[in-house]
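Pasting the sequence and the predicted coordinates here, then a few questions.
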Amino acid sequence: MIIGTAGHIDHGKTALVRALTGVDTDRLPEEKRRGITIDLGFAPLDLPDVGVAVVVDVPGHEAFVRTMLAGATGIDLALLVIAADEGVMPQTREHVAILGLLGIGGGVVALTKADLVEDDWLDLVRLDVAELLAGTAMADAPMVATSVVTGAGLSELRAALAAAAAPLSPRQDHDLFRMPIDRVFTVRGTGTVVTGTVWSGSVGRDEVVRVMPDDRSVRVRGLQAHGAAIDHAKPGTRLAVALAGIDHDALTRGAVLVSEGGWHPSRVVRADVTLLGNATAALSPRAAVRFHLGTTEVGARVVTPGGPLGPGETKPGRLVLDAPVVARAGDRFVLRGGSPMATLGGGVVVDPVPAHRRARPWVAPHDSLDARLSLALREAGGEGLGIADLPVRLGASPSDVAVCLDRHPADMLRIGGRIFARPYRDELISAVIEAVEEHHRRNPLDAGVLLQTVRGRLVGRPELLDDAVRTAASTGQVETIESGLVRRAGWKPTLSNDQTDLKARLADAIRTAGAEPPSLVELSSTHGPSVVPIMRMLEREGTVVQVESDRYYDAGALAALVDRLRNGMVAGREYTPSELRDVIGLSRKYLIPFLEYCDRRDITERRSAGRVLHGR
Ligand SMILES: Nc1nc2c(ncn2[C@@H]2O[C@H](COP(=O)(O)OP(=O)(O)OP(=O)(O)O)[C@@H](O)[C@H]2O)c(=O)[nH]1
Ligand SMILES: [Mg+2]
């Protein structure tokens, strides 16, 4: 259980945490000197019947709201601190807005410094606070007047926190591990240590995790919670992680530890974006804002369809980020900007790694997993979706994703580790048949079309295209034949009478030419343009053999040449081309292509000084 303080500067957050826990969270010399909180502080708090919670003490200074954000992210409950003598102040409002944007479900209000005010003043402050919180998740939060000077209200506050914490259900630990890093330091003898709150999943000692957004693997050397070494950490734990294989300089607040696989840094995320009602101007894509997610902060622009986002409005939009960020669907974020810097709004991530940069049909974060999956699948088209990526893409646990996938056998197709929209695959099948038919129309003498050519006409991953061809074949619409050709089932090239004549003449011409047959160009100039497909046909029938791209040999003549070569060469001896010319008596123009053919067929083998018979 993580409890986060919130509230205006000097309202007594740190003093209250110390009174409750005995821990002074203002550790830095500068904090001591200035009497304000600058960085996050953490203290264990024993709650009756609940157990030990961790209190995150945040700074109230307006210059450190980004630090407050890094502390408030991932908390379960808020401890909103408002000094009774000053009442609601600017950062009281800003922190309350931030808690709302982060979706923090509830908490307790402490009206501190109660020793400084009269009771009727305190009643007025209560009314102000109630007005501030009306309509927020903290509208019903109990308000407890406290004083660290007299000790008044402290046990009541502890009880109120315990009562607020009791109904919260523990976070699901069968989920992907993620921990935004809020501190990095080195410990002598241990090396690099990072701390953070485990958002989801669990992690164990000696496991390998990934550091994002750098996307590199590191090993967990050790884990500590509440100052004691542990083997395994559950979600919601304040955790210190010792990492092997990474220098502390390579890490800062804002980096994230995640489980291996499924997480991808992205510079564009789709989200439902809200501009706060008290914003002074609409938010246009030209406005540079700061995007805060987890402990990460990057520059961003917000693009919403139909013009800028007006105060109080929520719209689907795209966030274009200055640096890659690792997000998950359902993540809450906050936007700050303007001058002076203020909290402008925030929202919920809908798709952390959109397939398209452009606006597309929308699913809301609260839409069902099925709806989100089918949209993602439709958008993914021929690329499909990696199953391992879905828990992050869709913001659901791996087991919920698995159950969802099993519900949709009719509209999705699973090939290896990916899923594809079945209607898209069915369109591909039609495209395969169309490509084959068109090839037959244009090339009636061809036995079929090369599989590669068909693939080149379609858009999608190779495994999907192969599946489309296989399915078209299994339903008997097309068939694949040897040498990588696809044809309409039962297709036979048909020859006209003239073409039958031509075929006989060509076979004859090649046979009579023997060891030095004419090229295709020469044949075409005497016999016309149909020579090429008919030669291919003769080749398929075994009458001729292609020796170079432009020349076919009579199969018998070629076999005789090969025999002559084999018989004329002494095994193991290397022959130069001119020696081989003497062996088989071909002119140079025919000799070299013929020898290269022999090399390809493993009849001969080329060495630096010449050729030898292969394998001798
Ligand atoms: N009289 C009185 N003074 C208090 C009480 N609580 C805090 N203070 C004083 O108020 C001042 C500010 O207290 P902090 O706890 O540092 O305030 P904070 O909210 O942590 O301030 P930041 O972290 O800088 O935002 C200190 O001088 C405290 O001694 C209280 O209950 N009664
Ligand atoms: Mg403080």
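Thanks, I have the structure now. Ligands and ions are numbered 1, 2, ... in the order given.

List the buried residues of stretch 153-173.
153-154, 157-162, 164-165, 171, 173 (16 or more other Cβ atoms under 10 Å). Any C-beta I mention is one placed from the backbone N, CA and C, and that applies to glycine too.

What's the local residue count around residue 548?
Per other Cβ atoms under 10 Å, the neighbour tally for residue 548 reads 15.

For it, which residues are in contact?
Contact analysis of residue 548 by Cβ atoms under 8 Å, 6 or more residues apart in numbering lists 593, 596-597.

Give me the phi and psi angles of it.
phi -140, psi 170 (degrees, to the nearest 10).

Against residue 586, how distant is it?
13 Å (Cβ to Cβ, to the nearest Å).

next one: residue 190
Residue 190 sits 77 Å away from residue 586, going by Cβ to Cβ.

the more surrounded of the two?
Counting neighbours by other Cβ under 10 Å for residue 190 and for residue 586 shows that residue 586 has the greater number, 19 against 15.

Provide a list of residues in contact with that one.
With Cβ under 8 Å, 6+ apart, residue 586 has these contacts: 515-516, 561, 594.

average pLDDT across the longest helix anywhere in the chain?
In the chain, taking DSSP state H as the definition, the longest helix is helix 422-442. The predicted model gives helix 422-442 an average pLDDT of 91.

Over to stretch 492-509?
On average, the pLDDT along stretch 492-509 is 90.

Show me the contact partners of it.
Here stretch 492-509 makes contact (Cβ under 8 Å, 6+ apart) with 444-447, 517-518, 523, 527-528, 530-531, 533-535, 537-538, 543-544, 554.

buried subset of those?
The neighbour count (16+ other Cβ under 10 Å) marks 445-447, 517-518, 523, 530-531, 533-535, 537-538, 543-544, 554 as buried among those.

Grab the two from the residues you listed that are most spread out in space.
447 and 518 (23.5 Å; Cβ to Cβ).

how about the residues of this protein near ligand 1?
Proximity of the chain to ligand 1, by Cβ under 6 Å from any ligand atom, involves residues 7, 9-15, 36-37, 59-61, 112-113, 115-116, 147-149.

Mind checking which of those are in helices?
Those of the residues of the chain next to ligand 1 mapping onto helices are 13-15, per DSSP H.

and which of the residues you listed is nearest to residue 415?
Nearest to residue 415 among those, with distances taken as Cβ to Cβ, is residue 13, at 54.9 Å.

hang on, the earlier thing: give me the subset of the residues of the chain next to ligand 1 lying in strands.
Residues from the residues of the chain next to ligand 1 lying in strands, with DSSP state E as the criterion: residue 112.

Which of the residues of the chain next to ligand 1 are buried? Put it as a PyMOL command.
To isolate the buried ones among those in PyMOL, judged by 16+ other Cβ under 10 Å, type:
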select buried, resi 7+9+10+11+12+13+14+15+36+37+59+60+61+112+113+147+148
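
Next up, the contacts around residue 388.
Residue 388 is in contact with 261-262, 417, counting by Cβ under 8 Å, 6+ apart.

what's the answer for residue 584, then?
In this structure, residue 584 makes contact with 515, 561, 564-565, 568, 591, 594, judged by Cβ under 8 Å, 6+ apart.

quick one: the strands in the stretch 151-300 of the chain?
178-187, 191-197, 203-204, 208-212, 216-225, 228-230, 232-233, 238-244, 256-258, 266-275, 289-293, 296-303 (DSSP state E, counting those that start in this stretch).

Take those and lay them out in JSON lines including mean pLDDT and distance to residue 406.
Formatted as JSON lines, the strands of the stretch 151-300 of the chain follow (pLDDT from 0 to 100; distance: least, Cβ to Cβ, whole Å):
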{"stretch": "strand 178-187", "mean pLDDT": "93", "distance to residue 406": "25"}
{"stretch": "strand 191-197", "mean pLDDT": "93", "distance to residue 406": "33"}
{"stretch": "strand 203-204", "mean pLDDT": "95", "distance to residue 406": "28"}
{"stretch": "strand 208-212", "mean pLDDT": "95", "distance to residue 406": "28"}
{"stretch": "strand 216-225", "mean pLDDT": "95", "distance to residue 406": "31"}
{"stretch": "strand 228-230", "mean pLDDT": "94", "distance to residue 406": "35"}
{"stretch": "strand 232-233", "mean pLDDT": "94", "distance to residue 406": "29"}
{"stretch": "strand 238-244", "mean pLDDT": "94", "distance to residue 406": "34"}
{"stretch": "strand 256-258", "mean pLDDT": "97", "distance to residue 406": "26"}
{"stretch": "strand 266-275", "mean pLDDT": "94", "distance to residue 406": "27"}
{"stretch": "strand 289-293", "mean pLDDT": "97", "distance to residue 406": "31"}
{"stretch": "strand 296-303", "mean pLDDT": "96", "distance to residue 406": "34"}
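
And these: which comes nearest residue 106?
So among the strands of the stretch 151-300 of the chain, strand 191-197 is nearest, using Cβ to Cβ, at 17.6 Å.

can you list contacts of that closest one?
By Cβ under 8 Å, 6+ apart, strand 191-197 touches 2, 42, 54, 56, 73-75, 179-187, 221, 236-244, 246-248, 251, 255, 257, 295.

Kindly recompute the last result at 7 Å.
Applying Cβ atoms under 7 Å, 6 or more residues apart in numbering, the set of residues contacting strand 191-197 from outside is 2, 74, 179-187, 238-244, 246-248, 251, 257.

tell me, what residue is most central in the chain?
residue 264 (3.4 Å; Cα atoms, centre = their mean).

Touching, that residue and residue 353? I think so.
Yes. Residue 264 lies in contact with residue 353 (Cβ atoms under 7 Å); the separation is 5.0 Å.

mind checking how far stretch 470-489 is from the chain centre?
Using Cα atoms, centre = their mean, to the nearest Å, the mean C-alpha position of stretch 470-489 is found 36 Å from that of the whole chain.

What residues sit buried inside that stretch?
The neighbour-count check on stretch 470-489 (16+ other Cβ under 10 Å) flags 471-473, 477-480, 485-488 as buried.

just those now: which is nearest residue 455?
Set against residue 455, the nearest of the buried residues of stretch 470-489 by Cβ to Cβ is residue 486 (9.9 Å).

any idea which of the contacts of residue 548 has the most stuff around it?
Result: residue 597 is most packed of these (other Cβ under 10 Å), 20 neighbours.

what's near enough to touch residue 602?
So residue 602 contacts residue 614 (Cβ under 7 Å, 6+ apart).

Against residue 612, how distant is it?
From residue 602 to residue 612 the distance is 12 Å (Cβ to Cβ).

Residue 212 too?
57 Å.

Counting neighbours, go ahead and name the busier of the two.
residue 212 (23 against 18).

Let me know whether the more buried one touches residue 326 as I believe.
Yes. Residue 212 lies in contact with residue 326 (Cβ under 7 Å); the separation is 4.0 Å.

can you pull the buried residues of the one helix or strand residue 512 maps to?
Residue 512 is part of helix 497-513 when elements are defined by DSSP states H and E. The neighbour-count check on helix 497-513 (16+ other Cβ under 10 Å) flags 499, 502-503, 506-507, 509-511, 513 as buried.

from those, which two are the most distant?
Top of the distance list for those (Cβ to Cβ): 499 and 513, 20.9 Å.

What count of nearby residues applies to residue 391?
Residue 391 has 25 neighbouring residues, counting by other Cβ under 10 Å.

Return the residues in contact with it.
176, 262, 397-398, 401 are the contacts of residue 391 under Cβ under 7 Å, 6+ apart.

Closest one to ligand 1 out of those residues, please.
Closest to ligand 1 out of those is residue 176 (33.9 Å), distances taken as Cβ to the nearest ligand atom.

and the closest one, what is it in contact with?
200-201, 258-259, 262, 391-392, 398.
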